[in-house]
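1. Sequence below, structure please.
(one chain, ligands or ions: 1)
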Amino acid sequence: MESPAVEILDLVKRYGAGVALDGLALRAERGAVTAVLGPNGAGKTTTVEICEGFRTADAGTVRVLGLTPERPELRARVGVMLQSGGVPPAVRCGEWLRLVARFHARPLDPGALLGRLGLAGHARTPFRRMSGGQQQRLSLAAAVIGRPELVFLDEPTAGLDPQARHACWELVGELRSAGVSVVLTTHHMDEAERLADHVVIIDKGRVVAEGTPASLTGAERQLRFRARPGLTLEELLNALPSGSAAKESPAGHYIIEGRVGPELLATVTAWCAAEGVTADDLRIERRTLEDVFLELTGRELR
Ligand SMILES: Nc1ncnc2c1ncn2[C@@H]1O[C@H](COP(=O)(O)OP(=O)(O)OP(=O)(O)O)[C@@H](O)[C@H]1O
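-> So this is what the prediction gives:
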């Protein structure tokens, strides 16, 4: 049977007295987009860089396409986009991509790839003169130019403008359609929900939840509104159909769960009117990955 794109078991990484990874386990299937989600310092970059062979683990096993990360044959089969670094400051954008392409047997066309990522006009710009977002897009291009079987993208859209973000999303979609396995880290829930087949939420170096975006968020809808913090919800709860729940999370944000329909909506708005509460942004929607994370850890993702 074919090995998964990435398989991690009991991974531990310490930096001095601090534990960055605390027994992390993760499996990324071939041909799928796996999003690793978590707040700052959760251990995303450490995990990805161990898989890429740039850092060594203190304990645990890691297999990338069935091999240990330091195996040299992985270099031609795995594309890597780092959060920063790796490109000489004076090299011109187009020159760099052509150079990277030469290391691969069947590279994509560098010029076409630059065009796809909105960098056609910057082919002659030295790396150090490119904006952060442009540098990032070049790193993305360099990660995929060799037609890898597996690509690691560490926060590929951080700091990108909306247009560049969409170009990146499209590229990830195409990689997936071409059967490439993608492992990406992100802080953006919408990005994970939009792109990923499988989401792994990590916090403090451990996996706190995983599944498809739909299985994590569930099919149930919620009623949400914003109002002044500290409303007493007991009376509202008494008025709601049995099986409903009402909570304030975070302060000033109210979430009503249960059978969301006309009756529940009417009860909530009547209660608001009676309490003199103006419910801002009143809406009905599915739970988001952000909510899932908040429930699991009591903290927001960013
Ligand atoms: N080289 C290092 N030396 C010491 N501590 C480190 C080092 N790299 C990471 N850490 C620590 O390990 C923990 C995990 O960091 P990591 O960069 O993997 O998190 P992350 O989830 O990628 O965060 P971010 O979203 O901010 O990039 C953090 O507490 C961080 O301070």
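
2. Only C-alpha atoms from now on, for both contacts and neighbour counts.
-> Fine.

3. Now do the buried residues in stretch 115-124.
-> By neighbour count with 16 or more other CA atoms under 10 Å, stretch 115-124 contains the buried residues 116-120, 122-123.

4. Sorry, wrong one. I was asking about stretch 154-165.
-> Here stretch 154-165 shows 154-157, 160, 164-165 as buried, counting by 16+ other CA under 10 Å.

5. Could you check the pLDDT of the residue nearest in space to the middle of the chain?
-> For the chain, the residue nearest the mean C-alpha position is residue 186 (2.9 Å; CA atoms, centre = their mean). Here, the pLDDT recorded for residue 186 equals 90.

6. Does it touch residue 38 like I think?
-> Yes. Assessed by CA atoms under 8 Å, residue 186 is found in contact with residue 38 at 7.3 Å.

7. Pull out the buried positions in the longest helix along the chain.
-> When the chain is parsed with DSSP state H, its longest helix is helix 162-177. Buried residues in helix 162-177, counted by 16+ other CA under 10 Å: 164-165, 167-169, 171-173, 175-176.

8. I'd like those residues as TSV, with distance to the ligand and pLDDT appended.
-> Output for those, formatted as TSV (distance: CA to the nearest ligand atom, whole Å; pLDDT from 0 to 100):
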residue	distance to the ligand	pLDDT
164	20	86
165	18	89
167	22	87
168	19	89
169	19	92
171	22	90
172	20	93
173	23	92
175	23	92
176	23	93
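
9. what ranges do the helices span in the stretch 201-302 of the chain?
-> Taking DSSP state H, counting those that start in this stretch, the helices of the stretch 201-302 of the chain run over residues 213-217, 234-239, 262-275, 289-297.

10. Which of the ones you listed sits closest to the ligand?
-> helix 289-297 (14.0 Å; CA to the nearest ligand atom).

11. List the buried residues for that closest one?
-> Using 16+ other CA under 10 Å as the burial criterion, the residues of helix 289-297 that qualify are 289-293.

12. just stretch 49-59 next, same as before
-> 49-53, 56-57.

13. Please narrow those to those residing in strands.
-> In strands, judged by DSSP state E, none of the buried residues of stretch 49-59 are found.

14. Which of these fall in helices?
-> 49-51.

15. Closest one of the buried residues of stretch 49-59 to residue 80?
-> Among those, residue 52 lies closest to residue 80 (CA to CA), at 7.3 Å.

16. residues contacting the closest one?
-> 69-70, 80, 152 (CA atoms under 8 Å, 6 or more residues apart in numbering).

17. can you name the two of those residues that are farthest apart?
-> Maximum distance among the contacts of residue 52 (CA to CA): 15.1 Å, for 70 and 152.

18. Look at the two and report which has more neighbours.
-> The neighbour count for residue 70 versus residue 152, taken as other CA atoms under 10 Å, is higher for residue 152 (24 against 17).

19. any idea how far the strand or helix carrying that one is from the chain center?
-> Element membership for residue 152, per DSSP states H and E: strand 150-154. On the basis of CA atoms, centre = their mean, to the nearest Å, strand 150-154 sits 11 Å off its chain's mean C-alpha point.

20. In contact with the residue lying closest to residue 98 once chain neighbours are set aside, which residues?
-> The spatial neighbour of residue 98 that comes closest, neighbours along the chain excluded (CA to CA, 6 or more residues apart in numbering), is residue 110 at 6.0 Å. When contacts are counted by CA under 8 Å, 6+ apart, residue 110 touches 94, 97-98, 101, 145.

21. Spell out the residue ranges of the helices in the stretch 51-200 of the chain.
-> With DSSP H, counting those that start in this stretch as the criterion, the stretch 51-200 of the chain has helices at 74-77, 93-102, 110-116, 132-144, 162-177, 189-195.

22. list the helices and strands the longest one packs on?
-> Packing contacts for helix 162-177, counted by 3 or more CA pairs under 8 Å, 6 or more residues apart in numbering; DSSP states H and E, involve strand 181-186, helix 189-195.

23. Can you tell me the number of residues neighbouring residue 42?
-> By the criterion of other CA under 10 Å, residue 42 has 20 neighbours.

24. Do I have it right that it meets residue 22?
-> No. The criterion here is CA under 8 Å, and residue 42 misses it with residue 22 at 10.3 Å.

25. list the residues that contact both of these two?
-> Shared contacts of residue 42 and residue 22 (CA under 8 Å, 6+ apart): 204-206.

26. In strands, which of the residues you listed fall?
-> Members of the shared contacts of residue 42 and residue 22 lying in strands (criterion: DSSP E): residue 206.
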